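Chemist: sequence and predicted structure below; questions after.
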Amino acid sequence: DDHAGHEDHGDHLVGFATIHIEETGDYGFALPSDLKFHILMGEGAHDDHDDHDDHDDHDDHDDEDEALAFDPHSWLDPLAFKAQVDVVLANMISQFPNEESKFTANAEAYKAKLDTVHTDYQTAFSENGTCTDKTVIANHNAYAYIGERYGLEFVTVHGIDPEGEPSAADIAEVVERINEDGITVMFIEEFTDSTAVDSLIQQTVSSSMPNGISVDYLYTMELPPSNSDDDYISLMNKNLVNLKSGLKC
């Protein structure tokens with residue numbers, strides 16, 4: 001039943017595709033940097049998508065499932081990314097069977113690096129890890145997978161859409177958590193203008209924080225890195241360093 005097509009919209013083409021998922025698991029899409037991919041809900045999906053921010057009638061487990069259902073950033077969990085490496089490996093071998101041994105060796109070496117990233121995060125954030133505070137303030141809800149994997153709670157101003165406009169109630173809730181938990185750092189993405197959170201920062205000014213909460217960065221890797229020397233491993237390591245610094249551990 002899968003199908004694809006396109007429509008002519010003046011200066012650009014709009015394509016569409018139906019995606020049928022036969023098995024549960026971790027998925028990702030590799031796309032050119034200049035291609036926008038919008039996911040719409042279809043038949044069999046959650047009819048209450050537009051209301052998914054209302055959690056009053058859900059327990060914590062339902063909230064976690066819902067967050068994972070709508071968060072595309074699965075690669076921020078290194079073990080989910082490791083599973084995606086296996087998917088790529090299988091397809092590469094299918095297309096170029098004569099290179100199976102080379103592909104497999106490269107994949108195993110890369111997965112070993114992902115295992116190291118996972119171990120480093122576990123050392124910091126596991127039940128007996130070095131970080132006891134695990135509440136993180138961020139501007140964009142892109143961290144459901146990494147939060148679920150390592151027991152981190154991300155309190156965010158925006159929903160899935162990083163360019164969405166938060167309501168006054170959203171901002172007030174985040175400021176309340178900042179004050180209650182004594183949080184001193186807010187995280188934004190690499191390409192986010194820090195002035196976009198100035199109004200929230202002003203609301204956190206106090207005698208203990210005369211300049212308000214400080215700002216640091218997390219790398220969601222939705223765009224190519226600004227530093228061409230960076231890659232997935234280096235950016236995940238930067239995320240770990242910044243999280244530990246922000247959580248004072």
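Modeler: It's in.

Chemist: do you have the helices of the protein handy? List them.
Modeler: With DSSP state H as the criterion, the chain has helices at 60-70, 78-95, 100-125, 144-150, 168-181, 198-202, 232-246.

Chemist: save those helices as a markdown table, and put in distance to S226 and mean neighbour count too.
Modeler: In short, each C-beta sits where N, CA and C put it, glycine included. Below are the helices of the chain laid out as a markdown table (distance: least, CB to CB, whole Å; neighbours: other CB atoms under 10 Å):
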| stretch | distance to S226 | mean neighbour count |
| --- | --- | --- |
| helix 60-70 | 27 | 13 |
| helix 78-95 | 21 | 16 |
| helix 100-125 | 21 | 15 |
| helix 144-150 | 21 | 21 |
| helix 168-181 | 26 | 14 |
| helix 198-202 | 22 | 15 |
| helix 232-246 | 11 | 18 |
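
Chemist: need those helices in a markdown table with distance to D133 and mean pLDDT, can you?
Modeler: Output for the helices of the chain, formatted as a markdown table (distance: least, CB to CB, whole Å; pLDDT from 0 to 100):
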| stretch | distance to D133 | mean pLDDT |
| --- | --- | --- |
| helix 60-70 | 19 | 54 |
| helix 78-95 | 22 | 96 |
| helix 100-125 | 10 | 97 |
| helix 144-150 | 13 | 94 |
| helix 168-181 | 7 | 87 |
| helix 198-202 | 20 | 87 |
| helix 232-246 | 9 | 97 |
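
Chemist: tabulate those in a markdown table, adding columns for distance to Y217.
Modeler: Listed next are these as a markdown table, based on distance: least, CB to CB, whole Å:
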| stretch | distance to Y217 |
| --- | --- |
| helix 60-70 | 22 |
| helix 78-95 | 19 |
| helix 100-125 | 17 |
| helix 144-150 | 15 |
| helix 168-181 | 18 |
| helix 198-202 | 15 |
| helix 232-246 | 6 |
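
Chemist: I137 is nearest to which of those helices?
Modeler: helix 168-181 (6.1 Å; CB to CB).

Chemist: can you tell me what sits against that closest one?
Modeler: If you take CB atoms under 8 Å, 6 or more residues apart in numbering as the criterion, helix 168-181 is touched by 133, 135, 137, 155-158, 183, 186, 199-200, 203-204, 206, 213.

Chemist: repeat that for stretch 86-103.
Modeler: 104, 107, 111.

Chemist: swap in stretch 122-139?
Modeler: If you take CB under 8 Å, 6+ apart as the criterion, stretch 122-139 is touched by 143, 147, 150-158, 162, 174, 177-178, 181, 183, 185-189, 192, 196-197, 213, 218, 240, 243-244, 246-249.

Chemist: tell me the one of the contacts of helix 168-181 nearest E222?
Modeler: E222 lies nearest to H158 out of those, by CB to CB, at 13.5 Å.

Chemist: my guess is the closest one meets Y143, correct?
Modeler: No. Between H158 and Y143 there is no contact under CB atoms under 8 Å: 11.7 Å.

Chemist: neighbour-wise, which of the two wins?
Modeler: Comparing H158 with Y143 by other CB atoms under 10 Å, the one with more neighbours is Y143, at 26 against 18.

Chemist: any idea of the pLDDT on the spatially closest residue to that one that is not a sequence neighbour?
Modeler: Nearest residue to Y143, sequence neighbours excluded (CB to CB, 6 or more residues apart in numbering): F154, at 4.3 Å. Note for F154: predicted pLDDT of 93.
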